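Asks: prediction below, plus the sequence it came from.
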Amino acid sequence: MADRLVMIIRHAEKPVPEQPERDVDELGQADEKSLTVRGWQRAGALAHLFVDPPPPLQVPVAIVASAPIKKDGSGTRSLRPTQTVAPLARRLQFVPDTTFSKGQEEQAGRAIILQNLSPVLVCWQHEAIPRLSAAVVASAAIAPTVWDDADYDSIWLLTFSEADLRWAFQSENQHLLAGGRP
């Protein structure tokens, strides 16, 4: 196996109770499972970022996003992860892999590794990203165990080194929108 890179982002902005911004679909229609206008701005900016990324980021060869619903019909119904990567997927002419949903992090992590593709961009719901990261690297000791509720700016990088035969964690900032994390 050559060096591998899995880049993980949280879906873009959603409404929060103390702010008046509403969630809308890509046509601007109210939709409680969609991104906010700021979230759509981030989705577009992410497309630009990942088409010509600065190191250590790389142009993904595959995109994985959590599906709104599981095959059994359960799930969060949130469209936000797929909406977040939709502009990038269109630009790269990819169809995002939405095989797994929130709650299926073990299966998703195993599938990401078994696909043997690199680099891969993953967009997931933030509460479950630590579980997904642990599943990818087969250890809970590599990445943080919590993704901050207010953090839309981080990119978690999981890198497997063929030379060292181990995984490493690094966090980068997107630096995409004004008012984001420093």
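Replies: Structure received.

Asks: phi, psi of residue 85?
Replies: Per-residue torsions, residue 85: phi -100, psi 0 (degrees, to the nearest 10).

Asks: quick check: which element contains residue 9?
Replies: Assigned by DSSP states H and E, residue 9 falls within strand 4-10.

Asks: what average pLDDT does that strand get?
Replies: Strand 4-10 carries an average pLDDT of 98.

Asks: list the buried residues of the helix or strand that comes right after it.
Replies: Counting by DSSP H and E, the next helix or strand C-terminal to strand 4-10 is helix 37-51. Residues of helix 37-51 classed as buried by neighbour count (16 or more other C-beta atoms under 10 Å): 38-47, 49-50. For every residue, glycine as well, the C-beta is placed using N, CA and C.

Asks: CA atoms of the strand holding residue 9 as CSV?
Replies: The C-alpha trace of strand 4-10 is given here as CSV (Å, rounded to 0.1, in the frame of the first residue of the first chain):
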residue,chain,number,x,y,z
ARG,A,4,-2.8,7.3,1.7
LEU,A,5,-4.6,10.5,2.6
VAL,A,6,-8.2,10.7,3.9
MET,A,7,-9.4,14.3,4.2
ILE,A,8,-12.5,14.8,6.4
ILE,A,9,-14.7,17.9,6.6
ARG,A,10,-17.9,18.6,8.4
